[in-house]
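Participant: Fold the following, please.
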Amino acid sequence: MKRYIKIITLLFAVASVGYTIQAKAGDEGHGGTITFTKPASSVVFDHKTHIDMGFDCDSCHEKLFEYKRSAEDKADFNMASMYAGKYCGGCHNGNTAFASNTKCGSCHNNVKAKIVFAKPVKAVIFDHKAHIEMVGDDCASCHDSVFPSDKKSEAQADFTMDSLYKGKYCGKCHDGSMAFASNTKCATCHIGVKGYNRMFKTEKAAHKGH
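Facilitator: Take a look at the predicted model:
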C-alpha cells in the first residue's frame, strides 16, 4: 500500500513539474506575435517587444483588448478608432508611444508591398516602395484622406479614371504638377491582363521554388 502511495505521489510530482515547465514556456512567450488580417492585412503585434519595454498584461487587458476575443472581430477595429484613443491608440498617441499615424512600417508589414487592382479594369499596379522612396515614409499623406486604410479602394463605386481626373484617389497627386497627370504615362500603372497573369505566374513559381 505504501509503495502504491509513493508511486502515485511520484507521478503527481512529475506531472506537476511538467505543468510548471509548460506554464513557464507559455509565460516567457507572453502571448507571442499576433498578425492581424483585418481590416488591413499583415499588421503585426509583438507581445515580447512590449513586455521588454516594461508593460505588463494589465496595461492592455481588459481595458484596451479583451483576452478571449480577437480585436479584428470588432467592427470598430480600424485606424479611425486608434486615432481616437482606442485599441493600440490607447498608448500610441504621441505621448506614451509614437502616434498611430506615424512609423506605419513598425506594424504594417506590407507597407512596401505592391497592390494590384483588378477593378474597374484589370490590372492596375500601385507600388508602395516606389512612392515611399520618392516622398518618404509619410503614410498619412495618403491615408486616410486620399485612400481609406481599412478597405480596398476598388470596392468604392467611384474608384474610376473620371474620379482621378477630378483629383480623387491617385489624382490627388497625379495632377500634372505634383506628379505626372493621370491621363498620361498610362503604362506606368496599367499592366493589363498579360502583365497581371505574368506577375502572378512569377509569384506562384517563386513560392513553389521555396
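Participant: Quick check: phi and psi on the spatially most central residue of the chain?
Facilitator: Central residue of the chain (Cα atoms, centre = their mean): residue 43, 2.2 Å from the mean position. The phi/psi pair for residue 43 (degrees, to the nearest 10) reads phi -110, psi 120.
Participant: who's it bridged to?
Facilitator: Counting by DSSP bridges, residue 43 is bridged to residue 36, residue 108.
Participant: That one: what's it in contact with?
Facilitator: When contacts are counted by Cβ atoms under 8 Å, 6 or more residues apart in numbering, residue 43 touches 35-37, 107-109. Where C-beta positions appear, they are placed from N, C-alpha and C, glycine not excepted.
Participant: Residue 37 reaches residue 72, doesn't it?
Facilitator: Yes - in this structure, residue 37 is within contact of residue 72 by Cβ atoms under 8 Å, at 6.8 Å.
Participant: Looking at the two, which is more packed in?
Facilitator: Remark: of residue 37 and residue 72, residue 72 carries more neighbours, 15 against 10, as counted by other Cβ atoms under 10 Å.
Participant: following the helix or strand encompassing residue 51, which helix or strand shows up next?
Facilitator: Assessed by DSSP states H and E, residue 51 sits inside helix 47-52. Downstream of helix 47-52, the next assigned helix or strand under DSSP H and E is helix 79-83.
Participant: and for stretch 139-153, what are the contacting residues?
Facilitator: Applying Cβ under 8 Å, 6+ apart, the external contacts of stretch 139-153 come out as 39-40, 78-80, 101-102, 104, 108, 111, 117, 135, 159, 168-169, 172-173.
Participant: Quick check: closest non-adjacent residue to residue 31.
Facilitator: residue 47 (3.8 Å; Cβ to Cβ, 6 or more residues apart in numbering).
Participant: how close does the one you found get to residue 100?
Facilitator: Between residue 47 and residue 100 the distance is 18 Å, computed by Cβ to Cβ, to the nearest Å.
Participant: Could you list the low-pLDDT ranges of the protein?
Facilitator: Scanning the chain for pLDDT under 70 picks out the ranges 1-30, 137, 150-151, 202-210.
Participant: got the domain boundaries for it?
Facilitator: For the chain, the structural domains run 1-29, 31-106, 114-209, going by automatic domain parsing.
Participant: so residue 124 makes contact with residue 188?
Facilitator: No - look at residue 124 against residue 188 with Cβ under 8 Å: they stay out of range, at 10.0 Å.
Participant: Could you list the buried residues of stretch 140-156?
Facilitator: The neighbour-count check on stretch 140-156 (16 or more other Cβ atoms under 10 Å) flags 142-144, 147-149, 153 as buried.
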